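J.: Only the shape, not the letters, is given here:
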């Protein structure tokens, strides 16, 4: 589980609830979409 949010630079980041830290950052919209489709 985690929180996905948009960064000030327009890209996306994921903050993990498990490790309580960012685990992915500077995602493009395409990269985020690919990640979401792979994990669902």
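T.: Nice, I can see it. Computed from a prediction, not measured in an experiment: that's the story for all the values here.

J.: Residue 12 - how many residues pack around it?
T.: Residue 12 has 19 neighbouring residues, counting by other Cβ atoms under 10 Å. Where C-beta positions appear, they are placed from N, C-alpha and C, glycine not excepted.

J.: Quick check: chain neighbours aside, which residue is closest to it?
T.: Spatial nearest neighbour of residue 12, excluding adjacent residues (Cβ to Cβ, 6 or more residues apart in numbering): residue 27 at 4.2 Å.

J.: The one you found: what's it in contact with?
T.: 11-14, 35 (Cβ atoms under 8 Å, 6 or more residues apart in numbering).

J.: Likewise for residue 4?
T.: By Cβ under 8 Å, 6+ apart, the neighbours of residue 4 are 12-15, 32.

J.: redo that, cut-off 7 Å
T.: 12, 14, 32 (Cβ atoms under 7 Å, 6 or more residues apart in numbering).

J.: Out of those residues, list just those in helices.
T.: Applying DSSP state H to the contacts of residue 4, the entries found in helices are residue 32.

J.: residue ranges of the helices in this protein, please?
T.: For the chain, the helices defined by DSSP H occupy 29-39.

J.: residue nearest the centroid of it?
T.: When Cα atoms, centre = their mean is applied to the chain, the residue found nearest the centroid is residue 14 (3.1 Å).

J.: sorry, back to before: of the contacts of residue 27, which is the nearest to residue 23?
T.: Lowest distance from residue 23 to the contacts of residue 27 (Cβ to Cβ) belongs to residue 14, with 5.5 Å.

J.: distance of that closest one from residue 5?
T.: Distance of residue 14 to residue 5, computed by Cβ to Cβ, to the nearest Å: 8 Å.

J.: again, but for residue 35
T.: Applying Cβ to Cβ, the value for residue 35 to residue 5 is 14 Å.

J.: Compare the two (neighbour count), which wins?
T.: Taking other Cβ under 10 Å, residue 35 and residue 5 do not tie; residue 35 has more neighbours (15 against 10).

J.: centre of the chain versus stretch 13-29, how much separation?
T.: Averaging C-alpha positions (Cα atoms, centre = their mean, to the nearest Å) puts stretch 13-29 5 Å from its chain's average.

J.: Thanks again, I'm all set now.
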